[in-house]
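Colleague: Give me coordinates for this.
(one chain, ligands or ions: 2)
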Amino acid sequence: MAAPSCFPKRVRLVDVGPRDGLQNEKGVVPTDVKVALIEALADAGVPSIEATSFVSPKWVPQMADAADVMARIRRRPGVTYAVLTPNMKGFEGALVAKADEVVVFGAASEAFSQKNINCSIAESIERFRPVTRAALDAGVRVRGAISCCLGCPYEGEVKPEAVGYVARLMHDIGVQHVGVADTIGVGTPGATQRAMEAALAVYPVAEVSGHFHDTYGMALANVYASLELGIATFDASVAGLGGCPYAKGATGNVATEDVVYLLHGLGIETGIDLTRLRAAGRFISDHLGRATNSRVARALDAKDAALAPVST
Ligand code: HMG
Ligand code: MG
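Modeller: Residues are numbered from 1 along each chain as shown. Ligands and ions are numbered 1, 2, ... in the order given. Model prediction:
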């Protein structure tokens, strides 16, 4: 069935698995495995990959090899390799690493801002200001992520006005794109649309994206609700990896495989080869020693197994 006419014809997916996914693993994933995962995602046609974070290794030891990861990946032309940069120290690392895009990450809740990046919302903007200026001067694109747009693990309800407020602050310092994040996966479609509308009051539709953790199983419904508003960029995580070390109990992002299946089913192009994407998901799930969180990958794996010739 074709998608309603208000839906985008093409969607850009950002795979955040190597960053959002692997930052949350108890054990540190070897650099070689991270590099192989990033390359497998690029080979599957993923147009943008959040590769790592230039954050404090004391805060997030899992990302301590950021420079090595960036130095070792074989870059595929046309693919955007993005990294998280909370401050100028992080940006300096990103610049040396030749990241194509940097992500400044704030929050719509004061308590989460303190827990995640150790400062208030206002202070975070003062840290992002020089990062944004330096990135734009260097020709590096700047994306903003706003955590807790649909609820906060410490403060509970978060109003759309709080999302609009942080989006405005980011816009005014020159951040080019804003991601509306449901960090703890509590949002439902109506609330998602209200949060999106708050961001859309500040940014054009092409510069707003959705980032949905799937804790309550609502993430695909929230993607669909965002498509209804014309949103055409989503973060997702291969095999549904992910979480945030400062949002206990929050599970992974919506699985990229599941979003691709939804979008292709709606006749929306992504440029991603689902078979190759599943292979990337299988690779990292095997390494982590657990089953994929992607429902689509599980279903297609079971179908393939049923069709496989029985060996005698
Ligand atoms: P701080 O302790 O306030 O920083 O942390 P500071 O400026 O006072 O510096 C303290 C020490 O950290 C110093 O080292 C600095 O050099 C070092 P020392 O002198 O003690 O040896 N430092 C750094 N080292 C490496 N890279 C840096 C850096 N900055 C300072 N960039 C800071 C503030 C922001 C650094 C810290 O809180 C931090 O790193 N937080 C990161 C938290 C994080 O990565 N969270 C997960 C990602 S966000 C997320 O998952 C949400 C998202 O997916 C959307 C959603 O789902 O909501 C994006
Ligand atoms: Mg996240």
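Colleague: who in the stretch 1-150 of the chain is up against ligand 1?
Modeller: 20, 23, 53-56, 59-60, 84, 86-87, 89-90, 105, 116-118, 145, 147 (Cβ under 6 Å from any ligand atom). All C-beta spots, glycine's among them, are computed from the backbone N, C-alpha and C.
Colleague: Which of those fall in strands?
Modeller: Counting by DSSP state E, those place S53, L84, F105, A145, S147 in strands.
Colleague: got any ranges where this protein has weak pLDDT?
Modeller: In the predicted model of the chain, residues 1-2, 243, 311-312 satisfy pLDDT under 70.
Colleague: where's L13, which helix or strand?
Modeller: strand 12-15 (DSSP states H and E).
Colleague: partners of that strand, with directions?
Modeller: Here strand 12-15 has these sheet partners by DSSP bridges: strand 48-53 (parallel), strand 233-236 (parallel).
Colleague: Tell me, how many residues neighbour G265?
Modeller: Counted by other Cβ atoms under 10 Å, the residues lying close to G265 total 10.
Colleague: Please tell me how far it sits from P189.
Modeller: G265 sits 18 Å away from P189, going by Cβ to Cβ, to the nearest Å.
Colleague: Give me the contacts around stretch 296-305.
Modeller: Outside of stretch 296-305, the residues within contact range by Cβ atoms under 8 Å, 6 or more residues apart in numbering are A239, A255, E257, D258, V260, Y261, L274, R278, G281, R282, A291, T292.
Colleague: what about 10 Å?
Modeller: Around stretch 296-305, the neighbours that count as contacts under Cβ atoms under 10 Å, 6 or more residues apart in numbering are 220, 238-240, 255-262, 274-275, 277-282, 285, 291-292, 294.
Colleague: Go ahead and measure how far the helix or strand A162 falls within is from the middle of the chain.
Modeller: Using DSSP H and E, A162 maps to helix 160-172. What separates the centre of helix 160-172 from the centre of its chain is 19 Å, taken as Cα atoms, centre = their mean, to the nearest Å.
Colleague: quick one: is it near ligand 1?
Modeller: No: judged by Cβ under 6 Å from any ligand atom, helix 160-172 stays clear of ligand 1, getting no closer than 11.8 Å.
Colleague: Could you pick out the residues of the stretch 201-312 of the chain near ligand 1 for me?
Modeller: Checking the stretch 201-312 of the chain against ligand 1 by Cβ under 6 Å from any ligand atom, the hits are H211, H213, C244, Y246.
Colleague: any chance of those in CSV, plus neighbour count?
Modeller: Formatted as CSV, those follow (neighbours: other Cβ atoms under 10 Å):
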residue, neighbour count
H211, 27
H213, 29
C244, 22
Y246, 19
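Colleague: which one of these is nearest ligand 1?
Modeller: C244 (3.9 Å; Cβ to the nearest ligand atom).
Colleague: Just to check, that closest one is in contact with V55?
Modeller: No: at 11.8 Å, C244 does not count as touching V55 under the criterion of Cβ atoms under 10 Å.
Colleague: any shared contact partners between these two?
Modeller: Q23, F105, N116.
Colleague: All the strands of this structure, in order from the start?
Modeller: 12-15, 48-53, 80-84, 101-107, 141-147, 177-182, 208-212, 233-236.
Colleague: export those strands to a markdown table and tack on distance to A40?
Modeller: Shown next, in a markdown table, are the strands of the chain (distance: least, Cβ to Cβ, whole Å):
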| stretch | distance to A40 |
| --- | --- |
| strand 12-15 | 10 |
| strand 48-53 | 10 |
| strand 80-84 | 14 |
| strand 101-107 | 20 |
| strand 141-147 | 23 |
| strand 177-182 | 23 |
| strand 208-212 | 21 |
| strand 233-236 | 15 |
